[in-house]
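Colleague: Sequence and predicted structure below; questions after.
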Number of protein chains: 2
Amino acid sequence: MSDAMKGVKVLDLSRVLAGPYCAAIFADMGAEVLKVEEPGRGDEARMLRPFSGGESAYYITFNRGKKGVTLNLKKGKDLFLRLVGDADILVENFRPGVMERLGLGYEALREINPGLVYVAISGYGQTGPNRLLPGYDPIAQAMSGICSVTGWPDADPVRCGAPVGDVLAGLNAAIGALAALRHRDLTGQGQLVDIALVDSSVSALSSLTQVYLSEGRVPARQGNGTEAAAPGGSCHAADGVVVFAAGNDRMWPKLCEVMGRPELATDPRFVSNAQRVQHREELAALVDDWASAFTVAEVVDKLRSAGLPAGPVLTIDQVVADPHLAGARDMFVTVDHPIAGPVRITNSAIKMSLTPPKARISSPTLGEHNNEIYQASLGLTENEINALAADGVI
Amino acid sequence: MSDAMKGVKVLDLSRVLAGPYCAAIFADMGAEVLKVEEPGRGDEARMLRPFSGGESAYYITFNRGKKGVTLNLKKGKDLFLRLVGDADILVENFRPGVMERLGLGYEALREINPGLVYVAISGYGQTGPNRLLPGYDPIAQAMSGICSVTGWPDADPVRCGAPVGDVLAGLNAAIGALAALRHRDLTGQGQLVDIALVDSSVSALSSLTQVYLSEGRVPARQGNGTEAAAPGGSCHAADGVVVFAAGNDRMWPKLCEVMGRPELATDPRFVSNAQRVQHREELAALVDDWASAFTVAEVVDKLRSAGLPAGPVLTIDQVVADPHLAGARDMFVTVDHPIAGPVRITNSAIKMSLTPPKARISSPTLGEHNNEIYQASLGLTENEINALAADGVI
């Protein structure tokens, strides 16, 4: 087995989630990812829960497979520029303007390395009136419209519990970087990839946004259902919640059979989807009434046996133990951390037959690879390295 | 301006959302994407709301920039294999096994074209016990754990209103394809990229999953807040909801100042984050009490002026009119559809300085490019094309 990004050198200056998530994809694909962190402190994620063996497992999961050096970007600017000279991709998620003020913005770095692919991830992007606002995942979800369509119709808007603003941005950044790398390989020219959390969330919402753009209706919160079809969404089994779909005219009679109520299929209240949408609350009560006599596993099994899409609402302990996800899909792997020991983390979702991405080794401790990188890659002596450390440069 | 994927040939056999979203990214990047659809019927998204000028704008938004041919994969297998011979990437999101039963699975197609990057997107992936189950976005969200952590603590689990199961899969598929294309360019060898909606959602949840993997606690629904910090999440202004963060020891005194209650910063109930988390409901009531005297715009402005992350919960009509997103970020563009006329859709979230991706032209009508592709690319005569159409092959 080989690696799709073997030999690609990535400088990861990013912190917390979106940037590290992007660079972790490259590490999973075999790129040489060098995490560059502030001396003495490092990525603030090193302080974030949860912890394994005294180490932040939050940091471990998003920085697996990377090497780590410390470097103060002000005092160690020359050293940093030497690292840039040799890099293919740089990932940062500072607030726009921070790298420019350090003299390390894209325009400055392209002078050093015209082929550099510079990936900047921020809350609102490098342009526009909101660019300097602090960007956090929940605010990106709120300002993209995601919160407005998430939750139950009779309750407040709510964010997606997964940090999708961050993750969608990290994924878009990885796509932009790989496309830019392709262009660089063909032309020698690097470029700036400018990714915003809010833009990424807006793109994820495009099917709902289209309802407003095309028909002028503002989509509202629909819980687990949709405004377009009934019944569907979620129902209540004796021991939990089941998500299912049975809204179209092909599925609805199957559900009637499963429920042992074939006569409902021809009931005038429910005979067409338009009728069913009008009577959605009666339908939800009917389905709940049936489902409540069975367990989640039984309801899911009965619906699936009839060819209806259905699944349990799994809690995270159940997901981690799921024989499909933890088995054939290999979605959880154990990496060996130098201090914390073995730590089980989430694996790559990108499965490839010839160059399989994989979380392989753990994250670096702070400055773990200072000697290796500064000696072997930049040719510094041990004395020079010690002096840089004493001066707080590394 | 050039295009990062200029000259890359993509066959898009996919339907509805995850696959078309992936292939639309390639189209935005200038790849030659050929959408291959069932004669007479096409992608079932052609029937999905919303509509613009009688055409599905759902279809338009996810199939912009593609050319379209019709082809029955059974009757027209030979024609299809000729298209495959010339392709760089194939995207499909049939249920696993469908392409194999047609004799068109990856193992068969690599015989025709060893360099082909074959992207298969499905609910559960090509392997494992769940592989043959129908996969829908809400069920992927439910079975990944996303629903279990989305919503309010006192209400049912709920899905993210944006179809993130589909979109995350489409993005992971694009990353896998671009990485595989890089490997193909270096070695000549294509491969299978196997992407599951559920895997992709599991990966997006990794920071929460880590809480269970490292500390054994099952993350619960937290509304817009987090279990780790208070105050924060959302508060109620006079005319709507504001999302904000003020939970750490640096931010909390700032919020006290903004609220005109500096004495709260040293109140023993709230003096540390641990104390504040214990008194989170009192804090939420205090913040609401303050915020309710102002509009959303005023609350956001006051919080941001103090350096606190904050933003309004925008509805989709507001997002589309937002001067930042609709202005500098160019997140909405108009494409010209041959039948529907101008249709405003959501643009790419991937902003690149040298090869900017963009939704440029509209989606194809069903079989719009049959003559062009079958004549110019495959060398068929007009008579042959008419005969194929009469036989239901195209």
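Modeller: The structure has been received and is ready for your questions.

Colleague: for the stretch 1-150 of chain A, what spans make up the strands?
Modeller: A:9-12, A:32-37, A:51-52, A:55-56, A:67-70, A:89-92, A:117-122 (DSSP state E, counting those that start in this stretch).

Colleague: Around chain B, pick out the residues from the stretch 251-394 of chain A.
Modeller: Residues of the stretch 251-394 of chain A lying close to chain B (C-beta under 8 Å from any C-beta of the partner chain) are A:304, A:307, A:309-320, A:322-325, A:327-329, A:331-332, A:343-355, A:357. In this view, the C-beta of every residue, glycine as well, is placed from N, C-alpha and C.

Colleague: Buried ones among these?
Modeller: A:304, A:309-320, A:322, A:324-325, A:328-329, A:331-332, A:343-355, A:357 (16 or more other C-beta atoms under 10 Å in any protein chain shown).

Colleague: List the ones among those residues that fall in helices.
Modeller: A:304, A:316-320 (DSSP state H).

Colleague: I'd assumed A:Val313 was in contact with A:Val319.
Modeller: No: A:Val319 is beyond contact range of A:Val313, at 10.5 Å (criterion: C-beta atoms under 8 Å).

Colleague: Show me where the stretch 151-300 of chain A dips below the pLDDT cut-off.
Modeller: Filtered on pLDDT under 70, the stretch 151-300 of chain A yields no residues whatsoever.

Colleague: Looking at the stretch 201-350 of chain A, which residue is nearest chain B?
Modeller: Chain B sits closest to A:Ala328 of the stretch 201-350 of chain A, with a gap of 3.2 Å, by C-beta to the nearest C-beta.

Colleague: Nearest spatial neighbour of that residue, chain-adjacent residues omitted?
Modeller: Excluding the flanking residues, the one nearest A:Ala328 by C-beta to C-beta, 6 or more residues apart in numbering or on different chains is B:Gly128, at 3.2 Å.

Colleague: Repeat that for A:Ile139.
Modeller: Nearest one to A:Ile139, counting by C-beta to C-beta, 6+ apart, is B:Gly311 at 4.0 Å.

Colleague: Relative to B:Ala169, how far out is that neighbour?
Modeller: B:Gly311 sits 27 Å away from B:Ala169, going by C-beta to C-beta, to the nearest Å.

Colleague: same thing with A:Ser272?
Modeller: When distance is defined by C-beta to C-beta, A:Ser272 is 32 Å away from B:Ala169.

Colleague: Can you pick out the residue with more neighbours from these two?
Modeller: More neighbours surround B:Ala169 than the other of A:Ser272 and B:Ala169, with 32 against 11 (other C-beta atoms under 10 Å in any protein chain shown).

Colleague: which residues touch the more buried one?
Modeller: B:18, B:22, B:121, B:140, B:195-197, B:199-200 (C-beta atoms under 8 Å, 6 or more residues apart in numbering or on different chains).

Colleague: Looking at these, spot the one nearest A:Pro262.
Modeller: Among those, B:Ala140 lies closest to A:Pro262 (C-beta to C-beta), at 30.4 Å.

Colleague: buried stuff in the helix or strand hosting A:Asn386?
Modeller: Here A:Asn386, judged by DSSP states H and E, is contained in helix A:382-390. Residues A:385, A:388 are the ones in helix A:382-390 that count as buried (16+ other C-beta under 10 Å).

Colleague: Give me the helices and strands touching that helix, please.
Modeller: helix A:370-371 (3 or more C-beta pairs under 8 Å, 6 or more residues apart in numbering or on different chains; DSSP states H and E).

Colleague: Packing partners of the helix it packs on?
Modeller: If you count contacts as 3+ C-beta pairs under 8 Å, 6+ apart, helix A:370-371 packs onto helix A:382-390.

Colleague: In a strand, A:His183, correct?
Modeller: No: A:His183 sits outside any strand when classified using DSSP: H, G, I helix; E, B strand; the rest coil, being helix.

Colleague: and A:His324, what does it touch?
Modeller: A:His324 sits next to B:124, B:128-130, B:198 when contact means C-beta under 8 Å, 6+ apart.

Colleague: Now, those that are in helices?
Modeller: Using DSSP H, the contacts of A:His324 in helices are B:Val198.

Colleague: now stretch A:78-87: mean pLDDT?
Modeller: For stretch A:78-87, mean pLDDT rounds to 97.

Colleague: and that stretch, which residues are buried?
Modeller: For stretch A:78-87, the buried set under the neighbour-count rule, 16+ other C-beta under 10 Å, comprises A:79-84, A:87.

Colleague: same question, stretch A:154-170
Modeller: The neighbour-count check on stretch A:154-170 (16+ other C-beta under 10 Å) flags A:155-170 as buried.

Colleague: Next: stretch A:249-265.
Modeller: For stretch A:249-265, the neighbour count (16+ other C-beta under 10 Å) marks A:251-256, A:258-259, A:264 as buried.

Colleague: which outside residues touch that stretch?
Modeller: Counting by C-beta under 8 Å, 6+ apart, residues outside stretch A:249-265 touching it are A:231, A:245-246, A:270-273, A:276, A:286-287, A:290, A:302-303, A:305-308.

Colleague: Sort out for me which of those residues are in strands.
Modeller: Of these, the ones assigned to strands by DSSP state E are A:Ala245.

Colleague: How about residues contacting stretch A:274-285?
Modeller: A:225, A:227-231, A:233, A:235, A:247, A:252, A:268-270.

Colleague: and if we set it to 10 Å?
Modeller: For stretch A:274-285, the external contacting residues (C-beta atoms under 10 Å, 6 or more residues apart in numbering or on different chains) are A:223, A:225-236, A:246-249, A:252, A:255, A:264, A:267-270, A:272, A:286.

Colleague: What sits closest to the most centrally placed residue in chain A if chain neighbours are left out?
Modeller: Among the residues of chain A, the one closest to the centroid is A:Val167, at 2.3 Å (C-alpha atoms, centre = their mean). Spatially, and ignoring its direct neighbours in sequence, A:Val167 is nearest to B:Ala204 (4.3 Å; C-beta to C-beta, 6+ apart).

Colleague: Measure how buried A:Ile60 is and give me the count.
Modeller: Quick note: A:Ile60 (other C-beta under 10 Å) scores 26 neighbours.

Colleague: Let me know the pLDDT of A:Met1.
Modeller: The model's pLDDT for A:Met1 equals 69.
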